[in-house]
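**Student:** Mind folding the following:
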Amino acid sequence: MHTLFPVQTSAQNSPLDVNPEPDIEAIQWSLISHLVECFLLEQWVEERYIQVTTTAEYLANHQTTQAQNVRQSLEMLSEQYRDFFDQNNPLMVIRIDQERQLLLLIEPAYASPWRLSKSCLPVIHNVNASLNNNLNDSLDSNLNNSHHVDSALLEPVSSAQQLLDIFLSMMDSASLSDIGVLKLKESLEVSFIAQQQSAVANITTTVCQNPHWYQTLIAAEQWASLMDRPFHPLAKGKLGFTATEYKRYMAEFNQPITLAWVAIAKSHVMVAEHVQDTTTQNPAKYLLDTTQQQKLMRELDDKGIADTHIAMPVHPWQMTHVIDEMYADDLANGTVVALTFDALITYASSSMRSMLIDADTPNSIKLPIGVYALNSKRYLPALKLINGEKNQAILMQARTLDPELSAQLRLWDERLWWGYMLPSHLHDKSAINPYFYQEKPTHLGAMLRQLPADLCDDTIQLLPMASLGMLVYKQGVSHHIFDGIAQEGIHSTSQNSFQEGSPKNKKLAVIACFKSLCDMFLGTMLRCLRLGFAPEMHGQNIVIVLKDNRFTSLLLRDHDSVRIYPPWLARHKIADPEYLSPPGFKNHLYRETPKALIFYLQSLGLLVNLRAIIESLVEHYHINEETLWHEAMTSIEESLVTIDFDDDQRQILRDGLLNSSHYPHKTLLLPVITRGADPHGSMPAGESKTINPFKRVKKSR
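**Tutor:** Here you go, the predicted structure:
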């Protein structure tokens, strides 16, 4: 069986092998599976070219000789294909052209109508090859070789790149951007190479056993980074990194990253509203210990810029590949001064540009890095930082309006930042500042993140939700972070049930643990929707707080992605934040309808975040998938009863989350083609639809 998760294999099949190799077939299957899902949900071709049947019906609908040839050709494939056809499984038949059909060996799913069976790769059926096979059979009959069949009759699709070419060949080429197609192909190839590297990263399997809270967070970020954005075929591709840089800068490799530093003239630094005095409020004051600060100040004094410049950390990749060229004039005239100071060692988070410190400090840093991830550059625009400040104000006010939110919704403080800006527009924080829409100012800056002090405690464990949707394989054995949680008896139905060894008791403990996670995550997000806003719900952005082996709260980061529905905000006297946006455009953070706001819980919250966790638990613990989706549904049903929604809100949420036949779905790949070479700062995405994941649960109950 194939797996969605990176797998390490031993060349000698020995646990003692210290040089594991990536399982290439597993990686290709994972990419192919995600490609198939995107192809179907994004409707790359008209439905009339796609038919869902069964293997028995497919053979029955062919002429007798053709069916015989297909069966004979199956004998030349692996046993899994023969078993799949013998068991009369669902089969999706897609017409590629007059000569070929693509056979997808599928099974029912929860987040989409169908998904690729883990047993087999897609198969190309060269339909007209059957005629040639008839001739071969006749010619070879005298040689008593009646089973001689052209092997090209059924040809497995062995790579995602091959499958992408097939899908693109079925589309109207006139509607495709050539540059966009090249970008998509390049991103897929880079993602394939990156997955091979990540699969052999030496990741700890004992995340929750670290003695200090910050060690647990860094370790959990390694897990979260291993698959990046789940279900996105391009997620691992970081265009701009060499293979060496990828292993140096991605979180799963756990490499210490020494930040570079520059000094920027104060005349060229825009700061956050909460920065009142750059002498006492600057990155060095928050990130460096006393000895490091003294060393940095000596260099600034020696250069005669201690009073005129602000020291700023820079990602080392950014320093080499962007700053030296883009800021050449500033470096030449002294506006920007490269420093030799290199005392701060950090570790990458799963978001790549957010850097963590391996020390008992609430402070960490988010930096721009001009690498394409998900086909968008990871720079740091002041406009987004300003909108992030506005959103944090909403989040802070919301916590005062709902006692449960006050306890369950925790915030990384993101109100301190510094960024390069031309002096003529240094104090212009209006939407008409033209330099908000230029690329250069977005590549040199920093945003501080500060944890609530009470979470910097060794009784606390901080786990990005993305880490819970991941398995780590070593020597063919899978590991899950729940191993270190459920085994402590968290919410177990019987004391010490996990250690007792009963598979049934282990599953019950894991299911109870998952239900507790759903109650915390879904209940908190529904309380946010009640007040009129939707936080960023992706698993990289939400960190679950574990205390005394219980999920106690959610910790939010990346506040610039909070979306709002103003009429529901107004019910609770939360003012319009008046987001900045380009003149003539309505900021996308505004949602025009409740349905558009709920979209984020449906798509990112359920179809990405919780789905990834469910699929990892199913594979690792062999739990029935429907059971876990039912637990998530029950959490929503209970929250709709217990939370003090207005009647219209409760009905809208019930209809949208539980009663509707379909969910909106984010499109991922076609927007890459549409965008082409545009170096935008956000992931290209559109919207299609899929089935409601709870639809199958309700049908079977």
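
**Student:** Which parts of the stretch 451-600 of the chain are strands?
**Tutor:** Counting by DSSP state E, counting those that start in this stretch, the stretch 451-600 of the chain has strands at residues 460-464, 472-474, 477-479, 533-534, 542-547, 550-556, 563-564.

**Student:** of those, which approaches residue 623 most closely?
**Tutor:** Closest to residue 623 of the strands of the stretch 451-600 of the chain is strand 477-479 (C-beta to C-beta; 13.4 Å). No exception for glycine: its C-beta is placed from N, CA and C like everyone else's.

**Student:** Adding distance to residue 625 and mean neighbour count, write the strands of the stretch 451-600 of the chain out as CSV.
**Tutor:** Below are the strands of the stretch 451-600 of the chain laid out as CSV (distance: least, C-beta to C-beta, whole Å; neighbours: other C-beta atoms under 10 Å):
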stretch, distance to residue 625, mean neighbour count
strand 460-464, 22, 24
strand 472-474, 20, 21
strand 477-479, 16, 16
strand 533-534, 26, 24
strand 542-547, 21, 21
strand 550-556, 21, 20
strand 563-564, 29, 22
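
**Student:** weakest of those by average pLDDT?
**Tutor:** In terms of average pLDDT, strand 472-474 trails the rest of those, at a mean of 88.

**Student:** Quickly run through the sheet partners of it, with directions.
**Tutor:** Strand 472-474 sits in its sheet next to strand 477-479 (antiparallel), going by DSSP bridges.

**Student:** Mind putting the strands of the stretch 451-600 of the chain into a markdown table with distance to residue 650?
**Tutor:** Putting those into a markdown table (distance: least, C-beta to C-beta, whole Å) gives the following:
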| stretch | distance to residue 650 |
| --- | --- |
| strand 460-464 | 31 |
| strand 472-474 | 40 |
| strand 477-479 | 40 |
| strand 533-534 | 17 |
| strand 542-547 | 24 |
| strand 550-556 | 22 |
| strand 563-564 | 20 |
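
**Student:** Tell me which of those sits nearest to residue 199.
**Tutor:** Of the strands of the stretch 451-600 of the chain, nearest to residue 199 by C-beta to C-beta is strand 472-474, at 8.0 Å.

**Student:** can you list contacts of that closest one?
**Tutor:** If you take C-beta atoms under 8 Å, 6 or more residues apart in numbering as the criterion, strand 472-474 is touched by 3, 5, 6, 7, 8, 20, 203, 205, 223, 226, 478, 479.

**Student:** Which residue lies closest in space to residue 453, excluding its sequence neighbours?
**Tutor:** Among residues not flanking residue 453 along the chain, residue 362 sits closest, at 6.2 Å (C-beta to C-beta, 6 or more residues apart in numbering).

**Student:** Figure out the helix or strand that the residue nearest to residue 336 when sequence neighbours are not counted lives in.
**Tutor:** With sequence-adjacent residues excluded and distances taken as C-beta to C-beta, 6+ apart, residue 336 is closest to residue 330, at 4.0 Å. Using DSSP states H and E, residue 330 maps to helix 328-333.

**Student:** What strands line up against the helix or strand following that helix, and which way round?
**Tutor:** Note on helix 328-333: by DSSP H and E, the next helix or strand toward the C-terminus is strand 336-338. Strand 336-338 sits in its sheet next to strand 260-265 (antiparallel), going by DSSP bridges.

**Student:** how far does the strand it pairs with sit from the chain's center?
**Tutor:** 32 Å (C-alpha atoms, centre = their mean, to the nearest Å).

**Student:** Let me see the contact set for the residue nearest to residue 453.
**Tutor:** When contacts are taken as C-beta under 8 Å, 6+ apart, residue 362 is in contact with 450, 451, 452, 453, 455, 456.

**Student:** just the CA coordinates of stretch 570-588, formatted as CSV?
**Tutor:** Output of stretch 570-588 as CSV, limited to C-alpha atoms (Å, rounded to 0.1, in the frame of the first residue of the first chain):
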residue,chain,number,x,y,z
ALA,A,570,-21.0,45.3,14.3
ARG,A,571,-23.4,43.2,16.4
HIS,A,572,-20.7,43.1,19.0
LYS,A,573,-19.6,46.7,18.5
ILE,A,574,-16.3,45.7,16.9
ALA,A,575,-15.4,48.6,14.5
ASP,A,576,-14.5,48.3,10.9
PRO,A,577,-10.6,48.0,10.9
GLU,A,578,-10.4,50.0,7.7
TYR,A,579,-7.9,47.8,6.1
LEU,A,580,-5.3,49.2,3.7
SER,A,581,-5.7,48.0,0.1
PRO,A,582,-4.5,49.3,-3.3
PRO,A,583,-6.6,52.2,-4.5
GLY,A,584,-9.7,51.0,-6.3
PHE,A,585,-9.7,47.6,-4.8
LYS,A,586,-11.6,46.1,-1.8
ASN,A,587,-9.2,44.3,0.5
HIS,A,588,-9.8,40.6,0.3
